[in-house]
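Visitor: give me coordinates for this.
(one chain, ligands or ions: 1)
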Amino acid sequence: MDIIKKYGYAIKNSMANPETSLNLIKTGLFFEKFRLSKFRNKTLPPSLQYLNKICVQYILEPLQNSHSSALVNLFAPAELLHAMNIYPLFIEAFSSFLSGFTCEDYFIDYATNCGFSETLCSYHKAFLGAINSGLLPKPRFAITSSMICDANISTFKHTSKQYDIPLYVIDIPYEYSKDAEKYVSVQIKEMVNMMEDVMKKSLDENKLKEVIMRENASLIYRKNFYTSLQTKYFPNTLTLEMYKLFASHVAIGREETYTFYKMQAKDIKTFKESKSKKILWVHLLPFYHKLLKNYFNLSEDYQLLTCDFNFDYMDELDYNHPYDALAKKMILNQYNGSFETKAQNILKAAKTLNADGVINFCHWGCKQSTGGTMILKELFKKNNLPFLSIDGDCIDRRNTQDGQIQTRIEAFLEMINTNNRRKVV
Ligand code: SF4
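Guide: Sure thing, here's the model as predicted:
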């Protein structure tokens, strides 16, 4: 049995006393961060080594400092939290780490034994299992929004009730207009009042401006990176692409994230022109999946470009009107509104990045991604760009059909290899 599995067993076997399991998780993360700081991984450029380290730090911080932490989802306006020195505990990431520790099965089963539906997204099931079993330390409050994820609001409501903590749900209109922006901006201000009440401290608006200015500066490096990625090879793995969700969302505006983007934009310039077949990924990535890891992790044959969540909003924010800017950012996120907008954005990225193929991963229980698959399929067919949609589970190892994925991926990659058409430009 490998060391990670032993560690996962230890976490599960200690759940009679959840505090012991939590301490095991914190100790493991602490040593992992130490290891990543002290020992270089020569297969990765410095920026990606740094990303590994800061993402372990980002998940560890709210666990070590629960009195200064808040629950968020991927799309919450975390800039406000950074400006108030509150650590966001990002629920999808926490569930992913449980899977990384190979103990997701325990928490998923815990949730279903408590009566949560088997068909619920496994990110939510694992998280709810961690809540109901008492694994997670109590944060101070929770914030989420009505956008994209249909499971979010009920998970956050349950958590807020279970832990007796305040919850703010931002209602996001489907389409952008100046009125819609005002509507969301007013809610964000109200949410800040709630945060100030709970934390007994005020938001320093100058600090918020600083965070947003850093976000804008990071955006310049992100755009530079994507420009280089049009022609250059750059190593990637399924896990690193998931880690980049911290950088592009929950940890955006932080100093460390800015440093990462700056380093990444510099690193890619040192790489050669890409001769790989280039794959654009849609939706989240099953980072544990052996076969997919074999095909894509650090592969020069099949270069994993990026996933669509990592470019779902790429506009500068007006730091002089931070509430309006955050409202606009949420409404105009490509995942808000009609699926057609998202599909067009993915197509545009596939063309710009010279992708040879697009893989859409339908994660178990995620209705928005499954529901939009046919729209994507039709659009890519019309645009003569190879497209594959596969079903699986991003965190629950028991819920993946390896044989089916293998057959379909092999056929798809073979098609890409023999495809002599000109790349879409
Ligand atoms: S995968 Fe889908 S259902 Fe699950 S958290 Fe993400 S958006 Fe929600």
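
Visitor: leaving out the residues flanking it, which one is nearest to the residue nearest the centre of the chain?
Guide: Centroid-nearest residue in the chain: residue 245, 3.5 Å away (criterion: Cα atoms, centre = their mean). Nearest residue to residue 245, sequence neighbours excluded (Cβ to Cβ, 6 or more residues apart in numbering): residue 309, at 5.9 Å. Glycine gets a C-beta too; all of them are placed from N, C-alpha and C.

Visitor: distance-wise, check the one you found relative to residue 282.
Guide: Per Cβ to Cβ, to the nearest Å, residue 309 is found 9 Å from residue 282.

Visitor: mutual contacts of the two, please.
Guide: Listed as contacting both residue 309 and residue 282 by Cβ atoms under 8 Å, 6 or more residues apart in numbering is no residue at all.

Visitor: who has more neighbours out of the two?
Guide: residue 282 (25 against 22; other Cβ atoms under 10 Å).

Visitor: how about the more buried one: what's its closest non-neighbour residue?
Guide: According to Cβ to Cβ, 6+ apart, the nearest residue to residue 282 is residue 360 (4.1 Å).

Visitor: how about the residues of the stretch 51-200 of the chain that lie near the ligand?
Guide: Within the stretch 51-200 of the chain, the positions near the ligand by Cβ under 6 Å from any ligand atom are 92, 121, 123, 148, 149, 151.

Visitor: ok, back up a step: for the residue nearest to residue 282, what are its contacts?
Guide: Residue 360 neighbours (Cβ under 8 Å, 6+ apart): 282, 283, 369, 373, 376, 377, 387, 388, 389, 390.

Visitor: surely the fifth one is in contact with residue 280?
Guide: No: Residue 376 sits out of contact with residue 280 when judged by Cβ atoms under 8 Å, with a separation of 11.2 Å.

Visitor: pick out whichever of those two has more residues nearby.
Guide: Relative neighbour count places residue 280 above the other of residue 376 and residue 280, with 27 against 21, counting by other Cβ under 10 Å.

Visitor: SS state for the more buried one?
Guide: Assigned by DSSP: H, G, I helix; E, B strand; the rest coil, the conformation of residue 280 is strand.

Visitor: ok, it touching residue 353?
Guide: Yes: with contact defined as Cβ under 8 Å, residue 280 and residue 353 form a contacting pair (6.4 Å).

Visitor: and the closest residue to the ligand within the stretch 151-300 of the chain, how close does it get to residue 182?
Guide: Nearest residue of the stretch 151-300 of the chain to the ligand: residue 151, at 4.7 Å (Cβ to the nearest ligand atom). Residue 151 sits 28 Å away from residue 182, going by Cβ to Cβ.

Visitor: so those two - more neighbours on which side?
Guide: It is residue 151, of residue 151 and residue 182, that has more neighbours when counted by other Cβ under 10 Å, with 22 against 13.

Visitor: excluding its backbone neighbours, what's nearest the more buried one?
Guide: residue 124 (4.7 Å).

Visitor: so which strand or helix has the residue nearest to the centre of the chain?
Guide: In the assignment (DSSP states H and E), residue 245 maps to helix 238-245.

Visitor: which residues touch residue 68?
Guide: 62, 85, 86, 87, 140, 199.

Visitor: and which of those is nearest residue 77?
Guide: Closest approach to residue 77 among those (Cβ to Cβ): residue 86, at 12.0 Å.

Visitor: quick one, phi psi at the closest one?
Guide: phi -110, psi 130 (degrees, to the nearest 10).

Visitor: hmm, residue 70 and it touching each other?
Guide: Yes: using Cβ under 8 Å as the test, residue 86 is close enough to residue 70 to be in contact (5.3 Å).

Visitor: which residues do these two both contact?
Guide: 140, 195.
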